[in-house]
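Novice: Need a 3D model of the following:
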Amino acid sequence: PPPPGGGGGPPPRGGGGGGRVSLLVRNLPNDVHPNDVRQEFERFGAVRDVYLPRDFHTKRPKGFGFVEFVEEPDADAAQRQMDRQHVFGRPIQVEFARHGRKDPNQMRGGGGGGRYGGPPPRRWEPPRGRSPPRGYDRGGYDRGYD
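Specialist: All right, here's what the predicted structure looks like:
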């Protein structure tokens, strides 16, 4: 029987559920193409997807990527054999991804509105100019009011 307080054993790998098993690959060169990464990892089994995130503002690669395998044993073999290997001219680090992919709003660093953490979205405010508000008397001469 499982121990009290829930199942025994590690949580499911890959972070996505639904049979998705993703590896996080660190230290990728900025000029690597997803097809190059796919080709390296397909030696271990069927690859469902390769995703190389880019910075939202600069559109430059972030230097890491995700390789999603169809079968967990293939991902396990790839992780064991590819971790710390020299690929694309540099040593890469390969580990099981702990979380699923972020949506575009999370990639921008927002998080969106207090419900899921992070600051609430900012409301639009009119620009604050340097000119004084209407009806403001800067003085300068006597208007003759007593």
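
Novice: can you give me the helices for the protein?
Specialist: 34-41, 72-82, 104-107 (DSSP state H).

Novice: if we compare those, which one ends up closest to residue 62?
Specialist: Closest approach to residue 62 among the helices of the chain is made by helix 104-107 (9.5 Å; CB to CB). C-betas here are computed from N, CA, C, even on glycine.

Novice: burial count for residue 73?
Specialist: Residues lying near residue 73 (other CB atoms under 10 Å) number 11.

Novice: Skipping its backbone neighbours, what lies nearest it in space?
Specialist: residue 45 (7.4 Å; CB to CB, 6 or more residues apart in numbering).

Novice: residues contacting the one you found?
Specialist: In this structure, residue 45 makes contact with 69-71, 73-75, 77-78, judged by CB atoms under 8 Å, 6 or more residues apart in numbering.

Novice: And the average pLDDT for stretch 69-78 is what?
Specialist: The average pLDDT for stretch 69-78 rounds to 97.

Novice: What ranges does the protein have for its strands?
Specialist: 21-26, 47-51, 64-69, 86-87, 90-91, 93-96 (DSSP state E).

Novice: which other residues reach the second one?
Specialist: It refers to strand 47-51. By CB under 8 Å, 6+ apart, strand 47-51 touches 20, 34-35, 37-38, 41, 65-70, 101.

Novice: any idea how far residue 22 lies from residue 50?
Specialist: Distance of residue 22 to residue 50, given as CB to CB, to the nearest Å: 10 Å.

Novice: ok, which pair from the contacts of residue 45 is furthest apart?
Specialist: Applying CB to CB across the contacts of residue 45, the maximum distance is between 70 and 77, 12.9 Å.

Novice: Pass me the low-pLDDT residue ranges in this protein, would you?
Specialist: Residues of the chain meeting the criterion pLDDT under 70: 1-19, 100-122, 126-127, 129-146.
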